[in-house]
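> Quick check, what structure comes out for this input:
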Amino acid sequence: MKINPYKPNSPISPGMFAGRIDEIKELEKGLFQTKNGQSSNFLITGERGIGKSSLLNLIKPTAKGSIESMDYGNLNFISANVLISHKTTLSTFIKLIEKNLKREIGRVEKIRTFFDDTWSFVQRIKVMDSGIDKNDTTEDIDLIMDDFAYSLAETCKRITKPENGEQSKDGVVFFIDEADSACPDLHLGYFFKAVTELLIQNECHNVMFVVAGLPDVIEKLATSHESSVRIFNELKIKELTPEDRKYVVDRGVIEGNRINDEQTTISGKAKDSISTLSEGYPHFIQQFAYSAFEANTDGEISLEDVSDGAFSQGGALDAIGKRYYQSAYNEQIKSDEYREVLSIMAESMNSWIKKSEIRNKFSGNDHTVSDALKALTERKIILKNPSKVGEYRLQQRGFALWIKLFGQRGK
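Reported below is the predicted structural model:
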């Protein structure tokens, strides 16, 4: 029994990573700038499965100095990782940050005592199941922000200019993933806007925020504070090139041969097929390659193995759909006519399509099309063009791809 080297259900490890050179260089430049007192913040956006978390996982060891950067030598930041969920409130968010920082900084006895004293305000935050009390005023939130920013600034100064012979650090970098899950009680945009300004007031310039999320994270930030988006440099993550897709597949074969006694090869046509089916989505590459590896029985992954692994029951398409799109396509929609509208829209991937074009291809009446577009927009399954009347599109290219492939599976 061979161990499957592909990992469709987790971020890609640095050894399997491909592409994103421009994005990596931008993040490393931001770290270098922050190290030298010119703090930078980044917002990494992209669709599901496009590799945002994998990019974070790649840059984290660079920030900590475990991996040398491409252009700036070894960096030496304290890093804190926070994963946002739809239940994360402002008080929970601050406590998560404090907890993660303590894990990193508290390993040095002399700094641990300083840290406990500096962050004592966290213990005073009123914690309830719903986060900060709904009756709290903006002033109460401002007081929490002020305490947080002061404590963070003092901590950063303490580690960048040590007093008792400890090793100096370059600053503090926060990696915040799935920010699109933020609920209103988190006040995410307001948090970043207020904290970054307060850090400057406290003469702290060595803190960097790297935030990742689906494209609608921009709307959530702006809703919380309209100018919060402007504090970030946005990195929009796109699909991998065909060359990078095949590199990922090849790296998996190499890793599989390293850990397994029985060796595996893959045909050129099989790699081409995985590349085409995936449309450049790293998660899709991993899933199609994983399923093809499972379907293989003779030691060479063939085009037939890719097809069997992709389209069989429980195969790659089923797995992708269950993880990303089944809820939107099946559970949130109870009408086959609404699903037909989605299928028509999927022909344009996630480009804008006119209502009149949908109506011309739709098998039902005009009234049903109008109802479908209204319902799908309200459920945020599709988007309405704010600048042009009567234009709509699917939120994600990956969703469109899945609908097209899913629809062809039964043929």
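> Which parts of the stretch 1-150 of the chain are helices?
21-35, 52-64, 90-105, 109-118, 138-160 (DSSP state H, counting those that start in this stretch).
> any idea which of those is most buried?
Greatest average neighbour count among the helices of the stretch 1-150 of the chain goes to helix 52-64 (a mean of 21), per mean count of other Cβ atoms under 10 Å. Every residue, glycine included, has its C-beta placed from N, CA and C.
> Residue most distant from the centroid, the chain?
Asn365 (39.2 Å; Cα atoms, centre = their mean).
> wait, what's in contact with that residue?
Under the criterion of Cβ atoms under 8 Å, 6 or more residues apart in numbering, the contact list for Asn365 is empty.
> And it, how far from Asp371?
10 Å (Cβ to Cβ, to the nearest Å).
> and the strand or helix carrying Gly252, what other elements does it pack with?
Counting by DSSP states H and E, the element that carries Gly252 is helix 242-259. Packing partners of helix 242-259 (3 or more Cβ pairs under 8 Å, 6 or more residues apart in numbering; DSSP states H and E): strand 265-266, helix 268-278, helix 282-295.
> Which parts of this structure belong to which domain?
20-236, 242-303, 319-409 (automatic domain parsing).
> what would the ones you listed look like in JSON lines with mean pLDDT?
What follows is those, written out as JSON lines (pLDDT from 0 to 100):
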{"stretch": "domain 20-236", "mean pLDDT": "88"}
{"stretch": "domain 242-303", "mean pLDDT": "95"}
{"stretch": "domain 319-409", "mean pLDDT": "87"}
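> Can you say which of those domains is packed in most?
It is domain 242-303: most buried of those by mean count of other Cβ under 10 Å, with a mean of 20.
> For that one, measure first residue to last.
Distance between the two ends of domain 242-303: 17 Å, counting by Cα to Cα, to the nearest Å.
> Excluding chain neighbours, give the residue nearest to Arg359 in space.
Val369 (5.1 Å; Cβ to Cβ, 6 or more residues apart in numbering).
> contacting residues around whichever strand or helix holds that neighbour?
Assigned by DSSP H and E, Val369 belongs to helix 366-378. The contact list for helix 366-378 (Cβ under 8 Å, 6+ apart) reads 333, 335, 337-338, 341-342, 355, 358-359, 362, 382-384, 392.
> from the residues you listed, which ones fall inside helices?
Glu337, Tyr338, Val341, Leu342, Lys355, Ile358, Arg359 (DSSP state H).
> which residues sit in contact with the second one?
Read it as Tyr338. Ala372, Ala375, Leu376 are the contacts of Tyr338 under Cβ under 8 Å, 6+ apart.
> what do you get if the cut-off is 6 Å, keeping everything else the same?
By Cβ atoms under 6 Å, 6 or more residues apart in numbering, the residues touching Tyr338 are Ala372.
> Same question for the third one.
For Val341, the set of contacting residues under the criterion of Cβ under 6 Å, 6+ apart consists of Ala372.
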